[in-house]
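**Student:** next comes the sequence, and after it the predicted model I'd like to discuss.
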Amino acid sequence: RLDALPRLWQKIRIRPEWENALEAILRERLNSIELAQLDSIRDWINEAPPGKWTIFEQPGSALSNDQPDSVEDRITCEKLLTHVTVDQAGIQSVLNHWLNNVYIVQDIAEGLDNRALLNSGSMLVTREGHIITSASITFYAPDSQLHGVLSRQQELTQLRKEAGQLESSVLTQRELLAKAEQQCAELKHAIGIVSENSK
């Protein structure tokens, strides 16, 4: 029944220019699901899903504090997390846990200039999704069916909004047409009366 549960990507939004960056950092975690208690997987741990799967615990659990304990980085770059919008308040704690030490840079050159300021576990990410740590660089290339899911979700949201506006416009136009037809009928009736009176 895990397939029926909503996915993380359905509950978050990110600025379009940072979609690849978020996909590069979260990867399969974008498709993760939320359970009330992570310990509940003990019941089916021997029947684990056949592919990569991430499950996270609802708030009030081990991730109850919003920021994980870590040594502060000396870097002054903006965090990727500042570009993420969460539709469900409880998701924020898991995103804080996963993204707290992820900073954004405009390009690889800026990342290379700033990597010495990173602590272990911290990373920089470019708009294209390339990840730079103090000791490595990982070049991003889409490699899963999840690639583009965030942009498709934004497109669907925009299309729903536009469809709602179009439906409202159609309703308004139908009301105007009904009024015009009523006025036309009244004018025809008035012309008919004038014609009969002139005979």
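**Tutor:** That came through fine.

**Student:** which SS class is residue 124?
**Tutor:** Secondary structure, DSSP: H, G, I helix; E, B strand; the rest coil: residue 124 is strand.

**Student:** start at 790 instead
**Tutor:** Happy to do that; since the first residue is 790 now, the last one works out to residue 913.

**Student:** could you tell me how many residues sit around it?
**Tutor:** Residues lying near residue 913 (other C-beta atoms under 10 Å) number 28. (C-beta placed from N, C-alpha, C; glycine too.)

**Student:** helices or strands up against the lengthiest helix in the chain?
**Tutor:** Across the chain, the longest stretch assigned as helix under DSSP state H is helix 938-987. Packing partners of helix 938-987 (3 or more C-beta pairs under 8 Å, 6 or more residues apart in numbering; DSSP states H and E): strand 801-803, helix 808-815.

**Student:** let's have the ones you listed in a markdown table, adding mean pLDDT.
**Tutor:** Compiled in a markdown table, those are given as follows (pLDDT from 0 to 100):
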| stretch | mean pLDDT |
| --- | --- |
| strand 801-803 | 87 |
| helix 808-815 | 90 |
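
**Student:** tell me the most buried of those?
**Tutor:** Among the helices and strands packed on helix 938-987, ranked by average contacts under mean count of other C-beta atoms under 10 Å, first place goes to helix 808-815 (a mean of 23).

**Student:** how far away is residue 832 from residue 845?
**Tutor:** Relative to residue 845, residue 832 is positioned 17 Å away (criterion: C-beta to C-beta, to the nearest Å).

**Student:** same check, this time on residue 920
**Tutor:** For residue 920, the distance to residue 845 equals 21 Å [C-beta to C-beta].

**Student:** between these two, which has more neighbouring residues?
**Tutor:** Remark: of residue 920 and residue 845, residue 845 carries more neighbours, 22 against 18, as counted by other C-beta under 10 Å.

**Student:** so who does the residue lying closest to the more buried one once chain neighbours are set aside touch?
**Tutor:** Of all residues not flanking residue 845 in the chain, residue 883 sits nearest, at 4.6 Å (C-beta to C-beta, 6 or more residues apart in numbering). By C-beta atoms under 8 Å, 6 or more residues apart in numbering, the contact set of residue 883 is 797, 823, 845, 846, 852.

**Student:** which of those sit farthest apart?
**Tutor:** Across the contacts of residue 883, no pair lies farther apart than 797 and 852, at 13.6 Å, counting by C-beta to C-beta.

**Student:** what strand or helix carries the residue nearest to residue 845?
**Tutor:** Residue 883 belongs to helix 880-888 when elements are defined using DSSP states H and E.

**Student:** I'd like the next helix or strand past that helix.
**Tutor:** Next in sequence after helix 880-888, counting helices and strands by DSSP H and E, comes strand 891-893.
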